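Novice: sequence and predicted structure below; questions after.
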Amino acid sequence: MNAPATMIEGPLGSTFHVLRADAETVAALAAVDWNRHFRRVSLDPVRGLVTVLLPSFLHEDLSGILEDIVDVASDTLRRAVFATRSTRLRRHGDPPNTGLEPDCAFYVGERAEAYRTALMEGQAAADAFVERVGPDLAVEVEITSIDEGKIERYGQLGVRELWRLRGRKGSEEIRVDFLALRPNAPPRLLAASEVLDGLAPADVREAVEPIRLSRTVNERIEAVARIVRRRQRSSLRVREEAAPYPASPMDLMVNPSRDPS
């Protein structure tokens, strides 16, 4: 054991208990059924960290909203999505029951269909699929300063994109970052999602702020759908404006270089 546990209060009111330990100790601790006692536990033998999260009501509410946003966006964009709820992400060969547990993670498109097929074959096949193929999208509502290395770790596990929500103590303002991830490379800030066709951090922020005050699931879903449909129309308009107009016969007589052939 390297050091005693550290307790940290997150900016959104959650409590994190972080224990630093060597890989063998983390593997031994993985034998404990942590989820019987705690909402979320990540056991990472690579970084030598055990993180126990006691989420605040706001943290839980935002996690649920993000699941709604991805579900509604994927439905509106007609892309298959499958959520990997309560699944720890780990490499092949890592000790059983270890791995990172994001607030939510999703396979999108072809990977969603492949994961669904693996799940139908049984939990062992699904677990093996997750070890081979990281989710397309992971969401973290709160990452503390002591756990910043988790972002690059997601990239090593094959996660393509991370949505990170951050707040400030004493403020209701929520910051949203989209990060493109790759193994052995620093994260790259995105202006728009590469996984969900142009959805932007501003769209998620707009969805989050009023929706967390909503009283019904239907209000939440309809608000998200409006934002996604508006983003679709905006993206289509940009593509149409960028597309070249077909040359008329008169244009070709004056300027033959416009002949597409």
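Specialist: Looks like it came in fine. This is a predicted model, so every value here is computed, not measured.
Novice: going forward, measure contacts and count neighbours with C-alpha atoms only.
Specialist: Fine.
Novice: element containing the residue positioned nearest the centre of the chain, please.
Specialist: Geometric centre of the chain, nearest residue: Ala138, 2.3 Å, by C-alpha atoms, centre = their mean. Per DSSP states H and E, Ala138 falls inside strand 137-140.
Novice: tell me the buried residues in that strand?
Specialist: Leu137, Ala138, Val139, Glu140 (16 or more other C-alpha atoms under 10 Å).
Novice: who's in contact with the first one?
Specialist: Spelled out, it's Leu137. Residues near Leu137 by C-alpha atoms under 8 Å, 6 or more residues apart in numbering: Ala105, Phe106, Tyr107, Val108, Val159, Arg160, Glu161, Leu162, Trp163, Val195.
Novice: redo those residues as CSV? Include pLDDT, secondary structure and neighbour count.
Specialist: Putting these into CSV (pLDDT from 0 to 100; DSSP: H, G, I helix; E, B strand; the rest coil; neighbours: other C-alpha atoms under 10 Å) gives the following:
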residue, pLDDT, secondary structure, neighbour count
Ala105, 94, strand, 28
Phe106, 95, strand, 24
Tyr107, 95, strand, 26
Val108, 94, strand, 22
Val159, 96, coil, 25
Arg160, 96, coil, 21
Glu161, 97, strand, 27
Leu162, 96, strand, 27
Trp163, 95, strand, 22
Val195, 92, coil, 18
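Novice: between those, which is nearest Glu9?
Specialist: Trp163 (20.8 Å; C-alpha to C-alpha).
Novice: what is the burial count for the closest residue to Ala125 other than its chain neighbours?
Specialist: For Ala125, ignoring the flanking residues on the chain, the nearest one in space by C-alpha to C-alpha, 6 or more residues apart in numbering is Ala118 at 5.3 Å. Using other C-alpha atoms under 10 Å, Ala118 is surrounded by 18 other residues.
Novice: sec struct for Ala118, please.
Specialist: Here Ala118 is recorded as helix under DSSP: H, G, I helix; E, B strand; the rest coil.
Novice: list the contacts of it.
Specialist: Ala125, Ala126, Phe129.
Novice: now these: which count as buried?
Specialist: Ala126, Phe129.
Novice: put together JSON lines for the contacts of Ala118, with distance to Trp34, secondary structure and pLDDT on each row.
Specialist: As requested, the contacts of Ala118 are arranged in JSON lines below (distance: C-alpha to C-alpha, whole Å; DSSP: H, G, I helix; E, B strand; the rest coil; pLDDT from 0 to 100):
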{"residue": "Ala125", "distance to Trp34": "23", "secondary structure": "helix", "pLDDT": "94"}
{"residue": "Ala126", "distance to Trp34": "21", "secondary structure": "helix", "pLDDT": "91"}
{"residue": "Phe129", "distance to Trp34": "23", "secondary structure": "helix", "pLDDT": "94"}
